[in-house]
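Visitor: Show me how the following folds:
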Amino acid sequence: MYVLDTDTMNFVFRGHAQVTARLSRVPTTEIATTIITKIELLQGRFAFLLKAATAAELQRAQQLLEQTEQALATVPQILPIAEAAAAEFDRLRANKKLNKIGRADLLIAAITLANRATLVSRNLKDFRQVPGLRVENWVD
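Guide: The predicted structure is shown next:
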């Protein structure tokens, strides 16, 4: 299974050629994202909507929110923070070498590890520090 992180999902939404080509070679049943990525994507859209200063910005923000919700609805699996993922998160947080990695990224890593999946991300610098985590970059 391939778990697409937030950055990769944004490339999917934009129709990035390399990402969409790679995605087309993977069975739909093998594609997922995490609840953390869903939260991050929607939070960004909500913030844009709430900060919009003009009618045009409000309309654009509403349109982006709707597009994001529709795109998320097409993702075959949105992986939750199940018991195994929560245990992985505790294990990762106990590793002092991972203190510089953000909480959301650690949660994404924990969910990916718990599901024995491969994470698809451009953030190789942080994610490659996570022991046992398989990471691929489909963008560069």
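Visitor: and residue 4, how far is that from residue 56?
Guide: As defined by C-beta to C-beta, to the nearest Å, residue 4 lies at a distance of 31 Å from residue 56. C-beta coordinates here come from the backbone N, C-alpha and C atoms, glycine included.
Visitor: who's more crowded, those two?
Guide: Taking other C-beta atoms under 10 Å, residue 4 and residue 56 do not tie; residue 4 has more neighbours (23 against 9).
Visitor: For the more buried one, give me its contacts.
Guide: By C-beta atoms under 8 Å, 6 or more residues apart in numbering, the contact set of residue 4 is 12, 31, 32, 33, 37, 75, 120.
Visitor: who does it bridge with?
Guide: Residues in a beta bridge with residue 4, per DSSP bridges, are residue 120.
Visitor: so how far is residue 35 from it?
Guide: Residue 4 sits at a distance of 13 Å from residue 35 (criterion: C-beta to C-beta).
Visitor: Same check on residue 136?
Guide: Noted for residue 136: a distance of 21 Å to residue 35, by C-beta to C-beta.
Visitor: Stretch 70-85: end-to-end distance?
Guide: Start to finish, the residues bounding stretch 70-85 are 26 Å apart (C-alpha to C-alpha, to the nearest Å).
Visitor: tell me which residues in it are buried?
Guide: 72, 75, 77, 79, 81, 85 (16 or more other C-beta atoms under 10 Å).
Visitor: Let's see which of these end up in strands.
Guide: residue 79 (DSSP state E).
Visitor: Pipe the buried residues of stretch 70-85 into CSV and attach distance to residue 114 and pLDDT per row.
Guide: Output for these, formatted as CSV (distance: C-beta to C-beta, whole Å; pLDDT from 0 to 100):
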residue, distance to residue 114, pLDDT
72, 21, 91
75, 18, 91
77, 13, 95
79, 8, 98
81, 9, 97
85, 4, 98
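Visitor: Turn the buried residues of stretch 70-85 into TSV, columns for distance to residue 128.
Guide: Listed next are the buried residues of stretch 70-85 as TSV, based on distance: C-beta to C-beta, whole Å:
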residue	distance to residue 128
72	27
75	24
77	24
79	21
81	22
85	20
